[in-house]
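3D model of this:
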Amino acid sequence: MNEQIDIMKNETCNFIFNGTKELSSTTDRIPEVSTTSITKKPRLDPEKLLSAYGKYGKYQMRTYILLTLPAFFYSSQMLIMGFITHAPSFQCIIDLPNSSSSSIYQVLDKCHVLELKTRKKIQCSEIPNSTYLYKEEVPFSTINSEFDLVCNDEYWAEHSSSLFMLGALLIPVFTHLSDLYGRRKLFLFTLWVASITAIACSMAPTIITFLACRFILGVATAGIYAVIWIMCCESVAIEFRSLIPVAYTVAWVLGIMLVGILRIWILNWRWLYFTISIPSILSVFYYWLLPESPYWSISHNKQHAIEQYIENACHYNKVNIDVSKCEMDLQQPDEQHGSRSIMDILRHKVALFHLIVQCYVVAAMNISYWGMALLSTTLSEDSYTGYFLSGLIELPGGLLAVVFLLKFGRRSISIWSFFMQSLLYFMIVLFPGIGTMQMVLAVTAKFFNSFIWVAQPLMLAEMSPTTIRNTFYGIVQFFAEIGSIAAPYLPLLKNINPGAPQAAVAVFSFTAALFLLTAPETKDRPMPEDLDQFDPGCFLQMFDYRMQKKRDVLIAAKDIEETSPMTQMQPE
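Got it, this is the predicted structure:
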């Protein structure tokens with residue numbers, strides 16, 4: 001009887017994945033029996049499917065590289081502003097026809113003049129026929145010199161960075177849509193929008209147009225970042241996940257370094273921005289090269305997409321796999337899989353608890369990262385040295401973190417890195433000033449920060465269930481961007497105390513480490529599919545929170561066998 005059940009199960013799989021039903025000699029000898037009660041909608045296990053192609057399956061590696069390449073675009077678009085939003089040296093020039101300006105106005109400084117008749121102090125830009133004369137090697141080296149963003153208008157240049165960060169607050173909208181309509185569609189949409197608006201930024205005729213493009217670019221690039229980690233985790237075998245940060249870290253650091261290198265030769269801000277942005281036009285080929293996440297396709301029962309993925313993967317990897325061996329060992333009712341909303345997360349106590357924890361942790365990550373980046377320019381008189389050191393240290397830090405991921409858990413690495421980062425910045429507070437020791441402490445802290453950015457996003461993607469993964473991730477990223485928006489204001493804390501900015505980074509890092517003690521470990525564990533599989537972690541387990549166990553398929557098969565009409569048939 002068990003042999004007959006297995007044969008019928010394989011026939012159903014062949015019918016579902018190949019569109020045909022092969023009849024065996026065994027089935028020819030028995031009456032036709034409905035098999036829907038035994039193998040109704042057999043489900044594939046995405047972990048098994050991806051592992052069937054091996055740890056380094058070529059199709060999976062191609063998808064992985066395609067997904068991590070935009071990290072180069074993201075980092076360059078964020079950090080280019082450090083070079084094009086500084087006002088060069090300038091002076092106020094007043095050109096009055098048929099009269100002497102010196103008899104009417106007295107220049108007080110580069111921003112203000114005194115009207116001699118009324119003894120009124122006014123802005124240089126308020127005087128007719130006045131202009132700012134900039135001392136720069138080439139015209140329009142920054143947006144400040146082209147749009148006259150100096151003196152009282154200098155804050156407009158700072159808006160270009162804050163609006164970029166502010167745009168990312170819309171991430172939850174995009175991530176929720178990707179849960180509903182697919183990772184690939186939202187990834188391609190945000191990638192192409194980012195490419196178009198980045199090029200548009202380099203051609204903006206006015207500062208208002210430039211700021212509008214930067215806002216849209218911020219929305220799109222943050223959406224790209226949110227989907228990158230999700231799709232990477234859902235597109236490679238579980239054995240490879242610890243290596244995901246390798247290509248991402250390399251692409252990110254290359255984006256940082258290339259901006260600094262190109263700035264040495266390209267002094268006009270428009271040409272620099274255009275040169276950094278134009279390679280993104282190649283993303284049009286992603287339409288033909290990037291597949292949908294097999295996790296999402298299986299979770300949403302997209303039969304055609306699953307078949308297409310298997311066909312393309314087998315062709316590209318030049319292997320054939322037995323799809324019947326990729327079925328789930330544990331069966332779950334179909335109604336538990338499907339689209340979820342934020343309300344489902346809010347109603348689930350375990351998911352809500354970890355959502356709050358991760359929101360704080362990732363916000364602390366962003367505050368500490370951007371706080372370090374901004375404070376790095378104060379490590380020495382040469383701001384370029386601080387920029388390159390803070391960027392370059394991320395490469396060895398990220399690569400070493402990947403090695404540690406192979407041995408240690410994501411949670412452990414994140415906790416210890418936050419603790420070390422906190423300790424180093426407390427030491428900077430205790431030993432203030434500019435010197436070798438302060439630079440070593442700050443750069444070492446940035447080194448440990450790189451560990452966090454490798455381990456924490458991976459843990460976040462692995463711990464959240466497939467049905468709400470992008471929604472969960474999007475909400476966390478929303479609060480992360482609040483941290484990014486707050487980070488530029490850290491230097492203002494110097495008005496309270498010279499060591500206050502460093503102390504703030506230390507406090508955020510220490511508390512984030514404490515919060516992470518409640519998180520579950522995800523290393524070498526299958527990613528959950530739905531909320532009932534959410535790992536509560538050791539902290540919540542003390543309060544009797546447990547994962548809901550799924551019913552083993554063998555038990556289900558046994559129950560079905562006992563009630564199946566086949567058990568009532570007598571041999572002829």
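
What number of neighbouring residues does residue 234 come out with?
Burial of residue 234, expressed as a neighbour count using other Cβ atoms under 10 Å, amounts to 26. Heads up, the C-betas are built off the backbone N, CA and C, glycines and all.

Apologies, that question was intended for residue 56.
14.

Provide a list of residues in contact with the closest residue to it other than its chain neighbours.
Distances taken as Cβ to Cβ, 6 or more residues apart in numbering place residue 240 nearest to residue 56, at 6.9 Å, with adjacent residues excluded. Applying Cβ atoms under 8 Å, 6 or more residues apart in numbering to residue 240 gives the contacts 55-56, 60, 64.

Which secondary structure state does residue 240 sit in?
For residue 240, the assignment made with DSSP: H, G, I helix; E, B strand; the rest coil gives helix.

any idea of the pLDDT on it?
The predicted local confidence for residue 240 comes out at a pLDDT of 89.

measure it to residue 228 for me?
Using Cβ to Cβ, to the nearest Å, one obtains 15 Å as the distance from residue 240 to residue 228.

same check, this time on residue 131
Taken as Cβ to Cβ, the spacing of residue 131 relative to residue 228 amounts to 45 Å.

Spell out the residue ranges of the helices in the stretch 301-450 of the chain.
Secondary structure of the stretch 301-450 of the chain by DSSP state H, counting those that start in this stretch: the helices cover 303-317, 342-347, 349-375, 383-392, 394-407, 410-430, 436-463.

tell me what the last one is packed against?
The contact analysis (3 or more Cβ pairs under 8 Å, 6 or more residues apart in numbering; DSSP states H and E) places helix 436-463 against helix 207-235, helix 244-265, helix 349-375, helix 383-392, helix 394-407, helix 410-430, helix 469-486.

Buried residues, the shortest one. List them.
For helix 383-392, a neighbour-count test (16 or more other Cβ atoms under 10 Å) marks 386-392 as buried.

In CSV, list the C-alpha atoms belonging to it.
Extracted as CSV, the C-alpha positions of helix 383-392 are listed here (Å, rounded to 0.1, in the frame of the first residue of the first chain):
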residue,chain,number,x,y,z
SER,A,383,39.3,65.7,5.5
TYR,A,384,40.2,63.5,2.6
THR,A,385,42.3,61.3,4.8
GLY,A,386,39.4,60.7,7.2
TYR,A,387,37.1,60.0,4.3
PHE,A,388,39.3,57.4,2.7
LEU,A,389,40.3,55.7,6.0
SER,A,390,36.7,55.4,7.1
GLY,A,391,35.7,54.0,3.7
LEU,A,392,38.6,51.7,3.1
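
by how many degrees do it and helix 349-375 diverge?
Taking axes from the mean of the first three to the mean of the last three Cα atoms, to 10 degrees, one finds helix 383-392 and helix 349-375 inclined to each other by 150 degrees.

just checking, what packs against helix 383-392?
In terms of contacts (3+ Cβ pairs under 8 Å, 6+ apart), helix 383-392 is packed against helix 244-265, helix 436-463.

angle of the last one against helix 207-235?
Spelled out, that is helix 436-463. 60 degrees.

Check which residues of helix 436-463 are buried.
Counting neighbours by 16+ other Cβ under 10 Å, one finds that the buried residues in helix 436-463 are 438-439, 441-463.

orientation of that helix relative to helix 244-265 in degrees?
Computed by the same axes, to 10 degrees, the angle between helix 436-463 and helix 244-265 is 130 degrees.

Tell me what angle helix 436-463 forms with helix 394-407.
When the same axes, to 10 degrees is applied, the directions of helix 436-463 and helix 394-407 differ by 50 degrees.

picking up where we left off before, and the helices and strands packed on helix 436-463, which one is worst for confidence?
Taking the average pLDDT of each of the helices and strands packed on helix 436-463, the minimum falls on helix 383-392, with a mean of 75.

I'd like the distance from that helix to the chain centre, please.
Between the mean C-alpha location of helix 383-392 and the chain-wide mean there is a distance of 23 Å, by Cα atoms, centre = their mean, to the nearest Å.

ok, residue 140 to residue 146 distance?
According to Cβ to Cβ, residue 140 stands 4 Å off from residue 146.

Then residue 160?
From residue 160 to residue 146 the distance is 12 Å (Cβ to Cβ).
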